[in-house]
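Undergrad: okay, predicted coordinates and the sequence, questions at the end:
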Amino acid sequence: MRVEQQPGFILHSRPYRETSLLLEVLSRDHGRVGLVARGVRSARSRTPRALLQPLTLLNFAWSGQGELATLTAAEAAGAPLALTGEALLCGLYLNELITRLLPRADPHPDIFFAYAETLERLRGKNTHAWQLRRFERDLLGDLGYGLVLEHEAESDAPIDAASEYAYRLDAGPVPWRDARDGLKLRGTALLALATDREPNAEDLASLRRLLRALVAHHLDGPGLRAWGMLGGA
């Protein structure tokens, strides 16, 4: 199979043999793909290694099938986002999150566009933690793990903004009774995430705990390394 002019972002790269790189790429039409960039670490490479950086939109071409295809071309499709500080850490967290949750060769164009939009939002003056919560919600939903946010899991009663709930990871919110119920959060937090309206600091913190627990619930293996670097984001 040959693919030409495919927009994508590098999620991760690592050295391969003496002069090559192994790339994990989030592509628009083919989902997450593994590519071998042969010879790019040599001085004579036609593809500059400096081009193959995360958080930059590129146009890729590759050939081959299976777990690893061969990169045949890459060119810039836009200016680097130049994220710094916490915004950069958030971008790298998104990369690790997608790499761990999204299977290879499973097209999810909505995830691609949500990722690109989130990176743009991280460049601005938006609350970083809220942008991550929005992306986590959309990623889980697109993968078939959508959150229950507007009604109770057992009774199907509408979520009451003034009430407190426990969120059962395999079912959804139920009225809070005691600590044995699990994660505690207010109805205002659930409704904020459901309606895409940025919550207050207390609700945002509870949503962070909820989304991390849900992501961990669906991971195959240990937690994400980026969690230890993000602080409150």
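TA: In hand now; what should we look at? What you see is a predicted model, and the numbers here were worked out from it, not measured in a lab.
Undergrad: now do stretch 3-16, average pLDDT.
TA: What stretch 3-16 shows for mean pLDDT is 94.
Undergrad: taking the centroid of this structure, which residue is nearest it?
TA: Among the residues of the chain, the one closest to the centroid is Leu94, at 3.8 Å (CA atoms, centre = their mean).
Undergrad: how close does that residue sit to Arg17?
TA: Distance, Leu94 to Arg17, using CB to CB, to the nearest Å: 28 Å. To be clear about C-beta, it is placed using only N, CA and C from the backbone, and glycine gets the same treatment.
Undergrad: tell me which element Ala194 falls in.
TA: If you go by DSSP states H and E, Ala194 is part of helix 187-195.
Undergrad: so what touches that helix?
TA: If you take CB atoms under 8 Å, 6 or more residues apart in numbering as the criterion, helix 187-195 is touched by 133-134, 137, 147, 149-150, 159-165, 167, 173, 198-200, 203-204, 206-207, 210.
Undergrad: now that helix, how far from the centre of its chain.
TA: Chain-centre distance of helix 187-195: 20 Å, with CA atoms, centre = their mean, to the nearest Å.
Undergrad: next, the buried residues of the helix or strand following that helix.
TA: Helices and strands here follow DSSP H and E; after helix 187-195, the next one along the chain is helix 201-218. Judged by neighbour count (16 or more other CB atoms under 10 Å), helix 201-218 contains these buried residues: 203-204, 206-208, 210-212, 214-215.
Undergrad: ditto for stretch 60-76
TA: Buried residues in stretch 60-76, counted by 16+ other CB under 10 Å: 60-62, 68-69, 71-72, 74.
Undergrad: closest one of those to Thr84?
TA: Using CB to CB, the shortest approach to Thr84 within these belongs to Ala74, at 23.9 Å.
Undergrad: downstream of the host helix or strand of the closest one, the next helix or strand is which one?
TA: Using DSSP H and E, Ala74 sits in strand 68-76. Note on strand 68-76: by DSSP H and E, the next helix or strand toward the C-terminus is helix 85-101.
Undergrad: show the average pLDDT along that following helix.
TA: The model assigns helix 85-101 a mean pLDDT of 96.
Undergrad: how is the protein partitioned into domains?
TA: Split into domains by automatic domain parsing, the chain comes to 2-76, 85-228.
Undergrad: quick one: end-to-end distance for the longest one.
TA: This means domain 85-228. 15 Å (CA to CA, to the nearest Å).
Undergrad: quick one: distance of that domain to the chain centre.
TA: Per CA atoms, centre = their mean, the centroid offset for domain 85-228 relative to its chain is 11 Å.
Undergrad: for the top strand by length along the chain, enumerate the helices and strands it packs against.
TA: When the chain is parsed with DSSP state E, its longest strand is strand 2-16. Applying 3 or more CB pairs under 8 Å, 6 or more residues apart in numbering; DSSP states H and E, one finds that strand 2-16 makes contact with strand 20-27, strand 31-37, strand 58-63, helix 85-101, helix 109-123.
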